[in-house]
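> The sequence isn't on hand, but the structure is:
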């Protein structure tokens, strides 16, 4: 499993040798930190506290790590006392997490009543329609593939290009037969390889606005519902679980997925060192490596849910389909609100269901979205389209909407009462685990339809901003730690990216309810709420409170502490996934994809990661 070590592979090891004793971790003001892996909560399952200055300090800085890149010459490499250099091969091979983004307008329509569970006005009656905006995105990166496939291809193209230059200088002017018999086949071969390169970059590497739509890659999505009581945002991803369960670890997790701060290269040691030290990531690694960069994470409706009976967890998983979406319309999406948020939806306080069903917990956002039709691309079709029409999916969605063939998805929820949550053997707010569909079945709610394209991409797609903190009366926050952390982080990021008054932008504005508050001034302010009083309370009709918006009252018992969860059961559901969901071929693919990246790690990191897999899949590792 080991390989010949290069200097860039040993950067972390060299730092360890140069630093015999680690320094004490501190906040940005130099204050020492007692616990850097767990947020401050009320009890092990309770909500976070605003007094957690370690989390606030970490996230506020993380939200502002990126600076705008250069408009031109954005990619470069530099050394002390030398010129900045650019390398054509490095341009392709040193990869970023790159995004392809698309958005569309539509509406959500209630088809089944859930008023006994939730008082939110958006669900108040069957047939009620609410305008919405949906944003799709992709993220891609495949460093091992780039090194093993693209580098030889680029090297061969460079060699033939140099040969072509030499031939043109010596034979072309006076030897037409030579040009036809030698140069033409050479040019044809170079054109074919250039198209292959474009396809491979799109399929395996992703790109910015020019990357291929047919990339095998996780898809994210976000939905903004413009309700009569304000905007409600769902911020989604298509994986039902996540790598970590504590938001304080999120910046560190993201750092391991990006570049080594000295070499500016992808570093498998960083990634697997973190994963192997946090065994709760095993479940997501299984699913992620099973999907990896080699398969679509959108699933076929004909094989979507597998119920695993005969075990206490009765875990219900998803059958994987190793195909690429034919288009955005032909997609099965599992909206897990990107980090698997659990929300609570409250009924009226004097409602009969206040102690049982007035609050519901919605699993992986309980937004199971089934498309009208699931159709997939083969690898060869995807490669061909990546070379011929990289914007294939964008074109398909745009044209479908323009001709009236509106994409449509169905909306479901899962319900867990407070009493069930207290008695459930696992932590229901642990985003590294799923809820069994056998115990908590899907409940149909409505349908989502896209029927209008954006008029301007930048104004409506690029400037759109979504935040899990944007909820409406009847939808409240559960103690899910990841959700609690995101409540702060998303808005803070929007302030940095779009400005203080990003909510004034037309695409983000709650135009059906109109914001009325005491927030004033700031950059790019639109109307500043006219001459209304800018303080509350006041005696001049400057606003009033809304009794309907009162949050549900619930009790908490527990010590305020940084509760460590690393020793919770991290392997039961990964074991179920391995033994009862995957077939032999899928298991082989998972192992191959896992070890293709793990082979570049230090042996002690490999051993630690394999030990985690052995606990989940003991008969193989």
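That came in fine, so what should we check first? Quick caveat: nothing in here was measured; it's all calculated off a predicted structure. Numbering: from 1, shown residues only.
> confidence score at the closest residue in space to residue 395 that isn't next to it in sequence?
Excluding the flanking residues, the one nearest residue 395 by CB to CB, 6 or more residues apart in numbering is residue 389, at 6.9 Å. C-beta here means a position set from N, CA and C on the backbone, and glycine is covered the same way. Here the pLDDT value assigned to residue 389 is 76.
> Equivalent analysis for residue 492, please.
So, for residue 492, pLDDT stands at 91.
> Checking my notes, it in a strand, right?
No: counting by DSSP: H, G, I helix; E, B strand; the rest coil, residue 492 is located in no strand; its state is helix.
> surely it meets residue 60?
Yes: using CB atoms under 8 Å, residue 492 makes contact with residue 60 at a distance of 6.2 Å.
> Okay, strands next: where are they in the stretch 501-621 of the chain?
Secondary structure of the stretch 501-621 of the chain (DSSP state E, counting those that start in this stretch): strands at 560-561.
> which intervals of the stretch 1-150 of the chain have sub-threshold pLDDT?
Residue ranges of the stretch 1-150 of the chain with pLDDT under 70: 1-4, 69-101, 138-150.
> if you set the cut-off to 90 instead, what comes out?
Residues of the stretch 1-150 of the chain meeting the criterion pLDDT under 90: 1-16, 18-40, 43-103, 114-120, 136-150.
> Helices of that one, residue ranges please.
Counting by DSSP state H, counting those that start in this stretch, the stretch 1-150 of the chain has helices at residues 11-18, 53-62, 88-93, 143-145.
> Tell me how far the residue nearest to residue 395 lies from residue 401.
18 Å (CB to CB, to the nearest Å).
> give the contact list for residue 616.
282, 283, 286, 571, 574, 575, 578 (CB atoms under 8 Å, 6 or more residues apart in numbering).
> Repeat the analysis, applying 7 Å as the threshold.
282, 571, 574, 575, 578 (CB atoms under 7 Å, 6 or more residues apart in numbering).
> So which of the residues you listed wins on neighbours?
Using other CB atoms under 10 Å as the neighbour test, those are led by residue 574, with 27 neighbours.
> does residue 236 count as helix, strand or coil?
Under three-state DSSP, the three-state class of residue 236 is strand.
> Kindly provide the distance from it to residue 469.
Residue 236 is 15 Å from residue 469, by CB to CB.
> Between these two, tell me which one has more neighbours.
Under the criterion of other CB under 10 Å, the comparison of residue 236 against residue 469 puts residue 236 first, with 28 against 15.
> The more buried one is in contact with residue 136, isn't it?
No: using CB atoms under 7 Å, residue 236 is not in contact with residue 136; the gap is 10.0 Å.
> Need the overlap of contacts for those two.
Residues touching both residue 236 and residue 136 (CB under 7 Å, 6+ apart): residue 221.
> tell me the mean pLDDT over stretch 500-508?
Rounded mean pLDDT across stretch 500-508 is 93.
> So the protein: which segments form each domain?
The chain breaks down into these domains under automatic domain parsing: 7-65+89-141+206-514+571-616, 147-205.
> Mean pLDDT lowest where, among these?
When I compare the domains of the chain, domain 147-205 is least confident, with a mean of 58.
> can you list the contacts of residue 616 in CSV and add distance to residue 563?
Shown next, in CSV, are the contacts of residue 616 (distance: CB to CB, whole Å):
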residue, distance to residue 563
282, 20
571, 20
574, 22
575, 25
578, 29
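> Between those, which sits nearest residue 525?
Lowest distance from residue 525 to the contacts of residue 616 (CB to CB) belongs to residue 282, with 48.0 Å.
> ok, residue 102 - contacts?
Residue 102 neighbours (CB under 7 Å, 6+ apart): 136, 328, 394, 397, 461.
> is it fair to say the last one lies in a helix?
To tie it back to what came earlier, the one meant is residue 461. Yes: using three-state DSSP, the assignment for residue 461 is a helix.
> residues near residue 528, how many?
When counting by other CB under 10 Å, one arrives at 14 neighbours for residue 528.
> Next: residue 21.
Neighbourhood size, residue 21 [other CB under 10 Å]: 4.
> for the one 4 residues further on, same thing?
Using other CB under 10 Å, residue 25 has 12 neighbouring residues.
> same check, this time on residue 517
The tally of other residues near residue 517 (other CB under 10 Å) stands at 10.
> For it, give its distance to residue 473.
16 Å.
> quick check, residue 410 in a strand?
Yes: under three-state DSSP, residue 410 falls within a strand.
> Go ahead and confirm it touches residue 447.
Yes: using CB under 7 Å, residue 410 makes contact with residue 447 at a distance of 5.4 Å.
> can you pull the contacts of the closest residue to residue 444 other than its chain neighbours?
Leaving out its chain neighbours, the residue that sits closest to residue 444 by CB to CB, 6+ apart is residue 112, at 4.6 Å. Each residue near residue 112 by CB under 7 Å, 6+ apart is listed here: 126, 444, 445, 446.
> Look up how far residue 223 lies from residue 112.
For residue 112 relative to residue 223 (CB to CB), the value is 18 Å.
> go on, residue 469?
Taken as CB to CB, the span from residue 469 to residue 223 is 15 Å.
> again with residue 552
Residue 552 is 24 Å from residue 223, where distance means CB to CB.
> So for those two, which sits in the more crowded spot?
Between residue 552 and residue 223, residue 223 has the larger neighbour count (other CB under 10 Å), namely 24 against 16.
> Phi first, then psi, for the more buried one.
phi -120, psi 130 (degrees, to the nearest 10).
> roughly how far apart are it and residue 132?
From residue 223 across to residue 132, the span is 6 Å (CB to CB).
> ditto for residue 617
For residue 617 relative to residue 132 (CB to CB), the value is 41 Å.
> Then residue 56?
From residue 56 to residue 132 the distance is 32 Å (CB to CB).
> again, but for residue 587
39 Å.
> How about residue 464?
When distance is defined by CB to CB, residue 464 is 12 Å away from residue 132.
> Can you tell me, leaving aside adjacent residues, what's nearest to residue 565?
residue 245 (6.1 Å).
> pretty sure the one you found is touching residue 566, no?
No: the criterion here is CB under 7 Å, and residue 245 misses it with residue 566 at 9.5 Å.
> shared neighbours, those two?
Contact criterion CB under 7 Å, 6+ apart; residues bridging residue 245 and residue 566 by contacting each: residue 280.
> quick revisit: for residue 56 and residue 132, indicate the residue with more neighbours.
residue 132 (22 against 15).
> any idea how far that one lies from residue 113?
To residue 113, residue 132 is 20 Å away according to CB to CB.
> What of residue 395?
For residue 395 relative to residue 113 (CB to CB), the value is 38 Å.
> Correct me if wrong, but residue 232 is in a strand.
Yes: counting by three-state DSSP, one finds residue 232 located in a strand.
> returning to what we had before: state the number of residues packed around the residue nearest to residue 395.
The burial count for residue 389: 15, using other CB under 10 Å.
> now swap in residue 396 and tell me
Residue 396: 20 neighbours (other CB under 10 Å).
> Got the phi and psi for it?
For residue 396, the backbone dihedrals (degrees, to the nearest 10) come out as phi -60, psi -50.
> From residue 381, how far out is it?
For residue 396 relative to residue 381 (CB to CB), the value is 13 Å.
> and residue 258, what does it touch?
Contact analysis of residue 258 by CB under 7 Å, 6+ apart lists nothing.
> do the same with residue 280
Counting by CB under 7 Å, 6+ apart, residue 280 touches 244, 245, 432, 566, 570.
> which among these gets closest to residue 41?
Looking across those and measuring by CB to CB, the closest to residue 41 is residue 245, at 11.5 Å.
> Thank you, goodbye.
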